[in-house]
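**Student:** Sequence plus predicted model, see below.
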Amino acid sequence: MLSKHIFNLIASFFLLLLIVVSCANPVTPTGGPKDETPPEFLGSDPVNRARNFASEKIDLVFDEFVVLSELNQQLLVSPPMQNKLDIKTKGKGVRIKFDKEELLADSTTYTVYFGNAIVDLHEGNPFPNFQYVFSTGPDIDSLSIRGKVLSAKHLLPIAGVTVCLYLDNSDTLSLDEMPQKIRPYYVAKTNEEGSFEINNIRNDSYLIFAVSDANANYFNDMPNEAIAFADKMILPEEVFDFIPDTIPIDTSNVELMDSLWANYAIKVTKQTHTLLLYEPQDSVQRVIKKELVDNNRMRFEFKFPLKEAVKFNVLDSDTISENIVFLEEYSSNMDSLDIWFLKPFADTNNLILIVDTLKADTIEILLNEPEVKVLPSSGRNRGRSRQESKNLTEPKIAYSSNVKAEFPYFSKVRIVFETPIKTANFENCSLMEDTVSVPFEIRFTDKIKRKLLIDYPWKEGVNYRFEIPDQALTDIYGTKNDSMIAKFKTTEESNYGELQIHFTLPNESNSIWQVQLIKGDGDKEQILSFATVKDSSNVLFSNLSADKYRIKILEDRDSNGRWSSGNYVKKRLPEKVFYFPTVIEIQAGWKVEEEWEINYEVQENTSVIKAIK
């Protein structure tokens, strides 16, 4: 009996040990579908949209544990308060506490926008666009102002911009001064589509103003803050439900219409406001970049295109000024300048620049003697003559050109040399059309002789060979050219398409208009060709390669040939731009015609938005 009892004890011990080991090695549970349900709002104390509000705190209650995500970026209070709200999570809720020093305005409707800051604890699902509304008076204001903020130059939506409303109720400040001096009466922020809503506002006239608000203080008080404004006061409107036109309806089907109103209706106002954001431009000319490109050249880049040539003075007691001789090369639109020093020297020198409205600016530069580079000798050079070896080690004039194996029959050959040319002998240059030598025009197109043009009425689909013999060119430093040979075959007219735009200009404008053929969008927008017009007419873009293009038209109010920004102090809006609503495809042999009536009040860039989607 004793042995049986001992056996039972041992068996029980091992059974218990097996259970403990099993419990100590849990198996990963099988997963179910991921929880994508946002928290559900159960209520608040005081209730949402409370009237005669006088509480020191607000408690929001949800059906699950929540946390706050990116609250500082998402939270917005309108009208803005003087002190920051104390907002913390508490279990399945959020508590909002007011600062003890905060004085809420009488008979005013406040809105606390949380955006997507309230998310569930485990999966981070946001409760979207939550807002808590209360009024310190007996009524909740219900009017709204809605719209979008676009970049003025490219009409692309701008996210995160602060939109402000101001009341003309100050005894000491004019309405125009308010964006720089006082907090706005109501605020909102734009979403990813550039849209904004300012809700629960009272019936009054407002100045509307938008600012990038780099320091997040609701003031336009920094020079680099982009701004937008309307040139007249605006009024808020009632909000109503609207079923988008893209959804088919049947008013005779009551059940269908009830479902559509419940699930697809959106809240809109009759009018939406488009604000065009721009960066204010300082009218004072400035050097924004200066660099020593190499020992022979210095480059200056200016904030605006130059109106006149730059004046220089050289200040250096150890250097005789007449020994410092240079050539000036301006960019095509006069917004940069290259200085080519004819005599490099090892010294530090000071230049004084005087140009346009630019104040005299002293710039220190260090110019060193160029380093002489000698190619290493190799066995392949043995047996060469001394003259041949010298030719191998001597530097040659570098250049680039627009010549390709297939060259457009309507183009001119252009060569750009790396350094200015001092002397050129074109007597022995040749152009062969198949096997026949033909006369042609060759000339420099710039003052310092870096840009060479070869012009000839090219025939379609013909082989050409152009040559400049060696030693024909000498640059300002005594360097000569190696033999330059270009072989190419011209294209044919059938390789290209054309686009003709019949457009009608708005009657509201007497400005000059610039019609642009473009590719790319935003800051990468590239103007391929343009035409300037005064009245409604046709514009033809010919010899277009197979590709997709867009059309942009600019109202050039100041007739300077480019887009001009706005000026809030002078109440001058940025120049208007308009985009043709679709991308236009061109193929070889196509002749495309388009009609376009410019609506002066509607600025949008749907061609880019559709292309991105």
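**Tutor:** Cool, got the structure.

**Student:** Residue 178 - that's part of a helix, no?
**Tutor:** Yes. The assignment for residue 178, made by DSSP: H, G, I helix; E, B strand; the rest coil, places it in a helix.

**Student:** mind exporting stretch 72-92 as CSV, just the C-alpha atoms?
**Tutor:** Listed in CSV are the C-alpha atoms of stretch 72-92, where the atom choice follows Å, rounded to 0.1, in the frame of the first residue of the first chain:
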residue,chain,number,x,y,z
ASN,A,72,-0.3,70.8,-31.3
GLN,A,73,-0.5,70.4,-35.1
GLN,A,74,-4.2,69.5,-35.2
LEU,A,75,-5.9,71.6,-32.5
LEU,A,76,-7.4,75.0,-33.5
VAL,A,77,-9.6,77.2,-31.3
SER,A,78,-11.8,79.8,-33.0
PRO,A,79,-12.0,82.6,-32.0
PRO,A,80,-8.4,82.3,-30.6
MET,A,81,-8.0,82.5,-26.9
GLN,A,82,-5.4,84.4,-25.0
ASN,A,83,-4.2,81.4,-23.1
LYS,A,84,-3.5,77.8,-24.1
LEU,A,85,-6.0,75.1,-23.3
ASP,A,86,-5.0,72.3,-21.0
ILE,A,87,-6.1,69.1,-22.8
LYS,A,88,-5.4,65.6,-21.4
THR,A,89,-6.9,62.1,-21.8
LYS,A,90,-8.6,60.5,-18.9
GLY,A,91,-9.6,56.9,-19.3
LYS,A,92,-12.1,56.7,-22.1
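
**Student:** Would you mind giving both backbone torsions of the spatially closest residue to residue 519 that is not a sequence neighbour?
**Tutor:** Spatially, and ignoring its direct neighbours in sequence, residue 519 is nearest to residue 526 (5.1 Å; CB to CB, 6 or more residues apart in numbering). (Each C-beta comes from the backbone N, C-alpha and C, glycine too.) Per-residue torsions, residue 526: phi -120, psi 120 (degrees, to the nearest 10).

**Student:** go on, the one 5 residues further on?
**Tutor:** The phi and psi torsions at residue 531 (degrees, to the nearest 10) take the values phi -140, psi 140.

**Student:** ok, now which ones touch it?
**Tutor:** Contact criterion CB atoms under 8 Å, 6 or more residues apart in numbering gives 514, 515, 539 as the residues in contact with residue 531.

**Student:** In this structure the first one contacts residue 551, no?
**Tutor:** No. No contact is recorded between residue 514 and residue 551 when judged using CB atoms under 8 Å, the distance being 11.3 Å.

**Student:** any low-confidence regions in the protein?
**Tutor:** Counting by pLDDT under 70, the chain has low-confidence residues at 1-32, 172, 240, 242, 261, 264-268, 283, 312-325, 343-393, 609-613.

**Student:** redo that, cut-off 50
**Tutor:** Low-confidence segments of the chain, defined by pLDDT under 50, are located at 1-2, 7, 13-28, 317, 319-322, 345-346, 357, 360, 366-384, 611-613.

**Student:** Show me how it divides into domains.
**Tutor:** If you go by automatic domain parsing, the domain ranges for the chain are 41-135, 143-243+270-277, 289-367, 379-493, 497-612.

**Student:** Same list (the ones you listed) but as a markdown table, adding distance to residue 256.
**Tutor:** Output for the domains of the chain, formatted as a markdown table (distance: least, CB to CB, whole Å):
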| stretch | distance to residue 256 |
| --- | --- |
| domain 41-135 | 27 |
| domain 143-243+270-277 | 11 |
| domain 289-367 | 60 |
| domain 379-493 | 57 |
| domain 497-612 | 30 |
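
**Student:** and residue 249, which of those domains is closest to it?
**Tutor:** Residue 249 lies closest to domain 143-243+270-277 among those, at 6.2 Å (CB to CB).

**Student:** Now do the end-to-end distance for the closest one.
**Tutor:** Domain 143-243+270-277 has its terminal residues 25 Å apart, counting by CA to CA, to the nearest Å.

**Student:** Now do the contacts for residue 479.
**Tutor:** Residue 479 makes contacts with 394, 395, 396, 397, 419, as judged by CB under 8 Å, 6+ apart.

**Student:** burial count for the fourth one?
**Tutor:** The reference is to residue 397. Around residue 397 there are 19 other residues, counting by other CB atoms under 10 Å.

**Student:** How about the third one?
**Tutor:** Residue neighbour count, defined by other CB under 10 Å, stands at 16 for residue 396.

**Student:** From the rest of the structure, what touches the helix or strand hosting residue 275?
**Tutor:** Under the criterion DSSP states H and E, the helix or strand holding residue 275 is strand 273-277. For strand 273-277, the external contacting residues (CB under 8 Å, 6+ apart) are 145-152, 155, 158, 161, 163, 208, 210, 212, 226-230, 234, 566, 573-574, 603-604.

**Student:** quick one: secondary structure of residue 260?
**Tutor:** Of the three states, residue 260 takes helix according to three-state DSSP.

**Student:** So which bits of stretch 193-206 are buried?
**Tutor:** In terms of neighbour count (16 or more other CB atoms under 10 Å), stretch 193-206 has its buried residues at 194, 196, 197, 198, 199, 200, 201, 202, 206.

**Student:** Show residues contacting it.
**Tutor:** When contacts are defined by CB under 8 Å, 6+ apart, stretch 193-206 is touched by residues 78, 109-111, 131, 133, 140-150, 156-159, 161, 163, 165-168, 185-190, 233-236, 239.

**Student:** repeat that for 7 Å
**Tutor:** 78, 109, 111, 133, 140-150, 157-159, 163, 165-167, 186, 188-190, 233-236 (CB atoms under 7 Å, 6 or more residues apart in numbering).

**Student:** Stretch 133-148 now?
**Tutor:** The list of residues contacting stretch 133-148 from outside it, by CB under 7 Å, 6+ apart, reads 46, 48-53, 104-111, 157, 165, 194-203, 234, 236-239, 269, 272-275.

**Student:** Just the buried ones among those residues, please.
**Tutor:** 46, 50, 53, 108-111, 157, 165, 194, 196-202, 236-237, 239, 269, 273-275.

**Student:** check contacts around residue 459.
**Tutor:** Contacts were defined as CB under 7 Å, 6+ apart; by that measure residue 459 touches residue 490.

**Student:** And it, how close does it get to residue 420?
**Tutor:** 34 Å (CB to CB, to the nearest Å).

**Student:** In the buried residues of stretch 193-206, find the pair that's most separated.
**Tutor:** Greatest spatial distance in the buried residues of stretch 193-206: 194 and 202, 25.6 Å, computed using CB to CB.

**Student:** If residue 503 is in a bridge, with which residues?
**Tutor:** The residues paired with residue 503 through beta bridges, assigned by DSSP bridges, are residue 537, residue 596.

**Student:** And the strands in the stretch 351-500 of the chain?
**Tutor:** For the stretch 351-500 of the chain, applying DSSP state E, counting those that start in this stretch gives strands covering 358-367, 399-401, 406-407, 413-417, 421-424, 430-433, 436-437, 441-444, 451-455, 463-468, 473-475, 484-490, 497-504.

**Student:** and the ones you listed, which is most packed in?
**Tutor:** Scoring the strands of the stretch 351-500 of the chain by mean neighbour count under mean count of other CB atoms under 10 Å gives strand 473-475 as the most buried, with a mean of 21.

**Student:** Other residues contacting it?
**Tutor:** Outside strand 473-475, the residues within contact range by CB under 7 Å, 6+ apart are 397, 419, 420, 421, 422, 423, 424, 480, 481.

**Student:** change it to 10 Å
**Tutor:** 296, 340, 395-399, 417-426, 449-450, 452, 479-482, 484 (CB atoms under 10 Å, 6 or more residues apart in numbering).
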